[in-house]
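> When you get a sec, could you give me coordinates for this:
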Amino acid sequence: MEFELNHYMAIALFFSFIALIFTGYPVAWIMGGLAVAFTAISVLSDTYLDTFMGVDWGYSSIMVTRFYAVMNNWILVALPMFIFMGIMLDRSGIAEDLMTNLGKLFGRVRGGLAIAVVFVGVLLAASTGIIGAAVVLLAILGVPLMLKHDYSPELACGVVCATGTLGILIPPSIMLVMMADQIRISVGDLFMGAVFPGLLLGVIYAIYILVYAWLKPGVAPIPKDAESVTPKIIFDVLRSIIPPAALIFAVLGSIFFGVATPTEASGVGALGATLLAAMRGRMSFGAMNEVVKQTTKTTAYIFALFIGATAFSLVLRGFGGDEVIEDLLSGLPYGPNGVVIIVLLCVFVLGFFLDWIEITLIILPLIAPVMQTLGVDLVWFTIMFAVCLQTSFITPPVGFALFYMKGVLPKGIPMSTIYRGIIPFVILQMITVAILFNFPSIITWLPKIAYGS
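Predicted coordinates:
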């Protein structure tokens, strides 16, 4: 395509955003501020240079109606409910019991403690979806236990970091809710489509741990005080698994069987998590007050990003940024599959510098129409996008899971140990993306069964 001045403005706007990310200033204000600043530049250009680039204050006023649409969106009601559910479950103490009992169950297996971390991480992912809480909780519970039994610090850190981020993919996932809203597809389809990929990642992690521990016994030895598996241990495991499993079934089952919409199911999850905390004696006025405060802060942070991204995206589109991306991708001589591969590689690279929320709110809405034009299944592509995007949590320099973990690790474990430990799991995630690319039915089968879509 032939670039015009407004297209260069779109490119400058995007790269200004990436550059300002490293200032540490709140991302929502960076996006909103750039939208205002570049609108002003366009207006001044029109006034003094007689060069109109498609954006003026009249055009930017559309932001007001966009903001109203965001705040009035029924789908987004699920966000605070799922956040509340995750924080309340974190308070309930379920994860501690799971870690203790699964550690005993897998204790006589080489690498068994790391397998227990993966198992607990998958259950936490399907019942909380709050990455910071999951990583911190698994680090506090799992890393000291593994180090005590002479596990490699790299393996201990890597498995906790990678497993703790599964909550962003395994439903109910707030990322999938946001993706569905941004590209106007069914949340239920994305939830169903993400079930098997999320479980597949967990299985691949477990297989890697078993093989690695078998090849290098020193990295994950069998604990010397490991107990033999007894009926009591099995009973304790089942007793600790059933409550979160029942909650997961109540939320996802109600969606799958058409009893509730995802938004209504989020209310079921919030209520179920509260009841579980009360049954375990962890509920009090103070605890509820703290959970509500944390939920409000997290929700406010996300919605501030929604508003900033809405302003940013509107101005970017006004400069023709969507046309630039569409023409560049459509002009590639690689066919739909080649375009998908290039997009996923770009998302992987962007994950080193941008958080998943910025990529979801800015990049995905620009790319999704191109995929639809190329005839790519949007549910399949979005889940692929989500799996690839999960690496943004564990890749430096802005991998938040790495910093969450560093903050609670025992003294003496440097950041370099975490970086070395996470490398194999980043590779495993890329292998998972390749598997999903070549076997798309892993994603599409369950939504077809559930919704016929």
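
> end-to-end on stretch 348-358?
13 Å (CA to CA, to the nearest Å).

> what comes into contact with that stretch?
17-18, 21, 27, 31, 168, 175, 178, 302, 305, 309, 359, 363, 388-393, 395-398, 400, 430 (CB atoms under 8 Å, 6 or more residues apart in numbering). In short, each C-beta sits where N, CA and C put it, glycine included.

> So how do I select the buried members of these in ChimeraX?
Filtering those down to the buried ones (16 or more other CB atoms under 10 Å) takes a single ChimeraX command:
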select :17,21,27,31,168,175,178,302,305,309,359,363,388,389,390,391,392,393,395,398,400,430
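
> Quick check: helices, which of the contacts of stretch 348-358 are part of them?
17-18, 21, 27, 31, 175, 178, 302, 305, 309, 388-389, 400, 430 (DSSP state H).

> Redo these as JSON lines? Include pLDDT and distance to Val343.
Shown next, in JSON lines, are the ones in helices among the contacts of stretch 348-358 (pLDDT from 0 to 100; distance: CB to CB, whole Å):
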{"residue": "Phe17", "pLDDT": "85", "distance to Val343": "19"}
{"residue": "Ile18", "pLDDT": "81", "distance to Val343": "17"}
{"residue": "Ile21", "pLDDT": "77", "distance to Val343": "20"}
{"residue": "Val27", "pLDDT": "80", "distance to Val343": "22"}
{"residue": "Met31", "pLDDT": "86", "distance to Val343": "21"}
{"residue": "Met175", "pLDDT": "83", "distance to Val343": "17"}
{"residue": "Met178", "pLDDT": "83", "distance to Val343": "18"}
{"residue": "Ile302", "pLDDT": "80", "distance to Val343": "24"}
{"residue": "Leu305", "pLDDT": "80", "distance to Val343": "22"}
{"residue": "Ala309", "pLDDT": "82", "distance to Val343": "19"}
{"residue": "Cys388", "pLDDT": "87", "distance to Val343": "9"}
{"residue": "Leu389", "pLDDT": "84", "distance to Val343": "11"}
{"residue": "Phe400", "pLDDT": "72", "distance to Val343": "23"}
{"residue": "Met430", "pLDDT": "91", "distance to Val343": "14"}
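
> Does the closest residue in space to Ala116 that isn't next to it in sequence lie in a helix or a strand, and which?
Nearest residue to Ala116, sequence neighbours excluded (CB to CB, 6 or more residues apart in numbering): Leu102, at 3.8 Å. If you go by DSSP states H and E, Leu102 is part of helix 94-105.

> how about that helix: buried residues?
Neighbour counts over helix 94-105 (16+ other CB under 10 Å) mark 94-95, 97-105 as buried.

> what residues does it touch?
Taking CB under 8 Å, 6+ apart as the rule, helix 94-105 contacts 112-113, 115-117, 119-120, 123-124, 127, 137-138, 141-142, 145, 227, 229, 233-234, 236-237, 239-241, 243-244, 276, 280.

> ditto for stretch 417-437
So stretch 417-437 is contacted by 152-159, 161-162, 197, 200-201, 204-205, 208, 212, 337, 340-341, 344, 348, 383-384, 387-388, 390-391, 394-396, 399, 402, 405-406, 409, 442-443 (CB under 8 Å, 6+ apart).

> Mind checking which of these are in strands?
Nothing among the contacts of stretch 417-437 maps onto strands, per DSSP state E.

> filter these to the buried ones?
Using 16+ other CB under 10 Å, the buried ones in those are 152-159, 161-162, 197, 200-201, 204-205, 208, 212, 340-341, 344, 348, 383-384, 387-388, 390-391, 394-395, 399, 402, 405-406, 409, 442-443.

> Could you list the low-pLDDT ranges of the stretch 101-250 of the chain?
In the predicted model, the stretch 101-250 of the chain carries pLDDT under 70 at residues 128-130, 132-133, 226.

> where do the helices sit along it?
112-127, 131-148, 153-164, 174-183, 187-215, 231-248 (DSSP state H, counting those that start in this stretch).

> Likewise for the stretch 301-450 of the chain?
321-330, 335-350, 356-358, 364-373, 378-389, 400-406, 415-438, 441-451.

> got JSON lines for the helices of the stretch 101-250 of the chain, with distance to Tyr419 too?
Below are these laid out as JSON lines (distance: least, CB to CB, whole Å):
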{"stretch": "helix 112-127", "distance to Tyr419": "18"}
{"stretch": "helix 131-148", "distance to Tyr419": "15"}
{"stretch": "helix 153-164", "distance to Tyr419": "9"}
{"stretch": "helix 174-183", "distance to Tyr419": "24"}
{"stretch": "helix 187-215", "distance to Tyr419": "18"}
{"stretch": "helix 231-248", "distance to Tyr419": "31"}
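
> Between these, which one is closest to Ala265.
helix 187-215 (8.9 Å; CB to CB).

> So for the closest one, what gets flagged as buried?
So, applying 16+ other CB under 10 Å, buried residues of helix 187-215: 187-202, 204-206, 208-210, 212-213.

> same question, stretch 74-88
Neighbour counts over stretch 74-88 (16+ other CB under 10 Å) mark 75-76, 78-88 as buried.

> residue contacts, Met192?
So Met192 contacts 171, 255-256, 446-447, 449-451 (CB under 8 Å, 6+ apart).

> switch the cut-off to 6 Å
Listed by CB atoms under 6 Å, 6 or more residues apart in numbering, the contact set of Met192 reads 446-447, 450.

> of all these, which comes closest to Leu314?
Using CB to CB, the contacts of Met192 come closest to Leu314 at Pro447, 30.9 Å.

> so what's the closest one up against?
Contacts of Pro447 (CB under 6 Å, 6+ apart): 189, 192-193, 379, 453.

> Kindly recompute the last result at 8 Å.
188-189, 192-193, 379, 453.

> same question, Glu326
Listed by CB under 8 Å, 6+ apart, the contact partners of Glu326 are 369-370, 373.

> Report how many residues lie close to Ala114.
Neighbours of Ala114 under the rule other CB atoms under 10 Å: 30.

> So it is in contact with Val159, correct?
Yes: Ala114 is within contact range of Val159, at 4.8 Å (criterion: CB atoms under 8 Å).

> got any residues that touch both of these two?
Residues touching both Ala114 and Val159 (CB under 8 Å, 6+ apart): 142, 209.
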